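Trainee: predicted model follows, preceded by the sequence.
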Amino acid sequence: MSLVENVRPSLELERLEPARQAIVKLYNDTFLPNVPGAQALRRLSKAPLSTSCDATGLITRFIAERDGRDTLVLDCGSASSAAYLASQGRYTPAVRGGIGTGYGIGGVLAESSIAAIARWLPFPISERDLTHWLLNKMLRPQMLPVTREDLLIEHAIARRARRREQESDERVGRTGPHGGRAMTEQGGCRRALRRISAIRRKRTQELQEVAIWRQAETSTRSASPHRRSSA
């Protein structure tokens, strides 16, 4: 058990940094050492291992301090999306798991429609073809874009993921101590925790549908030569 400062010492003040640091330390001490290949990476570098979130946050703060201006970094990865804001000496990360362009496509589809993704595409595509492309990407998230259309679809997913997060932030936005809407990670993380089970169930169902479709297609192909022979 770790004790940290109160995240909300008053109604007008919110301090998430101590709790965030405690969570990061717990993650780095318990989970990170067990990641496959972690020991090999430790032998290659004298610097301690860090997560991509911490590394991106460090870059964000460095750019803000070096250039003396507010800096916002958006990162839409395969399994999660994140926003990092360094403004007026304050640093605020907002990471949302289960929303991305690979493993996280299921999270995007759970909160958006196919049409909401297709509206960002500069070329026509049927809803059926786009659905099959998205399901295939979920099954093989490690695949790189091969054609220009593949790249544009991934960009469309990233746009929709970021747009969906922005809409969520606007709904849970709160007025900060200095006025205006305060960027907060609490709303996104809480919603992600509530939806993670639903996303996993939906992803399992989608994979089962793809498996049934492939099995039916294989059965049809295997039956076709027998039909021609009978004819």
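Mentor: That came through fine.
Trainee: tell me how far the host helix or strand of residue 41 is from the chain's mean position?
Mentor: Under the criterion of DSSP states H and E, residue 41 resides in helix 38-44. Its chain's C-alpha centre and that of helix 38-44 lie 26 Å apart, by CA atoms, centre = their mean, to the nearest Å.
Trainee: again, but for stretch 48-57
Mentor: Using CA atoms, centre = their mean, the offset of stretch 48-57 from its chain centre is 16 Å.
Trainee: what are the buried residues along that stretch?
Mentor: Using 16 or more other CB atoms under 10 Å as the test for burial, stretch 48-57 gives 53, 56-57. For the C-beta atoms, the positions are set from N, CA and C on the backbone; glycine is no exception.
Trainee: with those in mind, which one is nearest to residue 98?
Mentor: residue 53 (14.7 Å; CB to CB).
Trainee: for residue 117, see how far away the nearest residue to residue 122 once chain neighbours are set aside is.
Mentor: Of all residues beyond its chain neighbours, the one nearest residue 122 is residue 152 (6.6 Å), with distances taken as CB to CB, 6 or more residues apart in numbering. Separation of residue 152 from residue 117 (CB to CB, to the nearest Å): 11 Å.
Trainee: what is the least confident helix or strand in this structure?
Mentor: strand 181-182 (a mean of 38; mean pLDDT, DSSP states H and E).
Trainee: ok so, going back, the more surrounded of residue 152 and residue 117?
Mentor: Taking other CB atoms under 10 Å, residue 152 and residue 117 do not tie; residue 117 has more neighbours (23 against 16).
Trainee: and the more buried one, what pLDDT?
Mentor: As predicted, residue 117 sits at a pLDDT of 92.
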